[in-house]
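Visitor: What shape does this take:
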Amino acid sequence: MQNGVVSLWQLLEAGRAGGPEFERASVAAEHSLATSASPGSLFVCLQVVAGALQVDGVAVPLDARMLPAVRGLLAALQGAHITTLRISREVRAEALVVAARRLLRIVPDRDDEPWPAGIEVQREHDEAAADEPPPLPLQRGVEPHDLPDSRLQAVFLQHRLVAGLRRIPGLDPAVGKVAVQAVVERLLSTPGGLEPLMLLQQDPARLSRATAAAVLASAFGRVLGWPEHRLAELGVAALLQGVGEVLDEAHPGPAAFVWLLQRGADDLWLRAALVARGVDDALGAAIPAALARVAGDVLTALDRGALDLGAALAAAPPTGEPELLDVLRAAFAGAA
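Guide: Got it, this is the predicted structure:
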């Protein structure tokens, strides 16, 4: 059962990146679902019950391996107004790809469009929601970026950020170096990705803190089992929270939200903007925003005298995702 949940979440995450990873994840999910259904059951049944995810009628334990998968699948189902998703043990990888594309909104998710063979869906439409005004669309910028993002710049930025990275007791410095490299590479692969780094460089202290937050968010995401291609984005989102403080100390969240949306149409900007406001896109649930917030809280605790990462996590205030904090505390307990 748990393997099936994780494989479905990994399929959705691979679908966001596209490419061959999506096809490989669909084959892995096909194999996992064939062996994860309850004995005698023809289906793996995911249900949203009282705001929680149940699989085959049982609540899934929220440990480090399961928490992001459960949160991600729950948010995807709720976003599509799906209360029950039944997936046959005989489902084919091709059908899983089609279903994932609908849940990811890569293709339209229409009520009158049948789901592929082996997948059954029940929805609950909120009639009250029909009376509510539609949400305002997010306006993302399309302005051109003419900054040359060269390999030389990538190497220079990586060395500079690594050199200025503070020591975090309980975290291997090599982990920090790898995380910084991944964040810089992700930014430089995005049109205009140098702009936020140039803005943060106006305040070296804030840049150093933002870099440390990026490293911590990436490390936390790795503990939770996030795919490699998402770890860099988690780090970028945590790093870019610091942009708001440079723009408007009194209202950093809204300032960063607007500024980041204006950078361009790449989804990286949208996700970073939402994390800066303390929310996130449907498939990520609230975990990226919570990870960025916990990273900031941990740095504050270290500034106030916490001896190591474990102690800083123990001192961190509650979040909107209490299971997340519990998992991180258990993972880093006794880190020195």
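
Visitor: Pull up the gap between the closest residue to residue 2 other than its chain neighbours and residue 80, please.
Guide: The shortest distance from residue 2 to any residue other than its chain neighbours is 6.1 Å, reached at residue 66 (CB to CB, 6 or more residues apart in numbering). In short, each C-beta sits where N, CA and C put it, glycine included. To residue 80, residue 66 is 21 Å away according to CB to CB, to the nearest Å.

Visitor: These two: which has the busier surroundings?
Guide: Taking other CB atoms under 10 Å, residue 66 and residue 80 do not tie; residue 66 has more neighbours (20 against 17).

Visitor: isn't the more buried one right next to residue 6, touching?
Guide: Yes: Residue 66 is within contact range of residue 6, at 7.1 Å (criterion: CB atoms under 8 Å).

Visitor: what about the helices in the chain?
Guide: Secondary structure of the chain, counting by DSSP state H: helices at 2-17, 20-36, 67-79, 93-103, 151-163, 173-188, 194-200, 204-223, 228-247, 252-261, 267-276, 287-303, 309-315, 322-332.

Visitor: And the pLDDT for residue 101?
Guide: Among the per-residue scores, residue 101 holds a pLDDT of 90.

Visitor: which residues does the residue nearest to residue 2 contact?
Guide: Under the criterion of CB atoms under 8 Å, 6 or more residues apart in numbering, the neighbours of residue 66 are 2, 5, 6, 60.

Visitor: What does the pLDDT read for it?
Guide: In this model, residue 66 is scored at 85, pLDDT.

Visitor: From residue 324, how far out is it?
Guide: Separation of residue 66 from residue 324 (CB to CB): 12 Å.

Visitor: and if you look at residue 105?
Guide: 25 Å.

Visitor: ok, these two, which is more surrounded?
Guide: Neighbours were counted for residue 105 and for residue 324 using other CB under 10 Å; residue 324 has more, 24 against 13.

Visitor: Surely the more buried one touches residue 292?
Guide: No: in this structure, residue 324 is not within contact of residue 292 by CB under 8 Å, at 11.7 Å.

Visitor: what's near enough to touch the residue nearest to residue 96 when sequence neighbours are not counted?
Guide: Spatial nearest neighbour of residue 96, chain neighbours left out: residue 26 (4.7 Å); criterion: CB to CB, 6+ apart. Residues near residue 26 by CB under 8 Å, 6+ apart: 11, 14, 93, 94, 96, 97, 100.

Visitor: Now the two most distant members of those.
Guide: Farthest apart among the contacts of residue 26 by CB to CB are 14 and 94. That separation is 14.8 Å.

Visitor: So for these two, which residue has more residues nearby?
Guide: Legend: neighbour count by other CB under 10 Å for residue 14 and residue 94, higher for residue 14 (24 against 15).

Visitor: any idea how far that one lies from residue 20?
Guide: With CB to CB as the criterion, residue 14 and residue 20 are 9 Å apart.

Visitor: okay but residue 193 is in contact with residue 199, surely?
Guide: No: look at residue 193 against residue 199 with CB under 8 Å: they stay out of range, at 11.8 Å.

Visitor: okay, these two: which has more neighbours?
Guide: When residue 193 and residue 199 are compared for neighbours, residue 193 comes out ahead with 25 against 17, by other CB under 10 Å.

Visitor: re the thing from before, which of the contacts of residue 26 scores worst on pLDDT?
Guide: Minimum pLDDT across those is recorded for residue 14, with 86.

Visitor: Out of the contacts of residue 26, which is nearest to residue 70?
Guide: Distance to residue 70 across the contacts of residue 26 (CB to CB) is lowest for residue 11, with 14.6 Å.

Visitor: Can you report how many residues lie near that closest one?
Guide: When neighbours are counted by other CB under 10 Å, residue 11 registers 27.

Visitor: same thing with the one 4 residues further on?
Guide: The local packing of residue 15 (other CB under 10 Å) involves 22 other residues.

Visitor: roughly how far apart are it and residue 35?
Guide: Look at residue 15 and residue 35: by CB to CB, they are 22 Å apart.

Visitor: Next up, the contacts around residue 180.
Guide: Residue 180 is in contact with 158, 161, 162, 165, 211, 214, 215, 235, counting by CB under 8 Å, 6+ apart.
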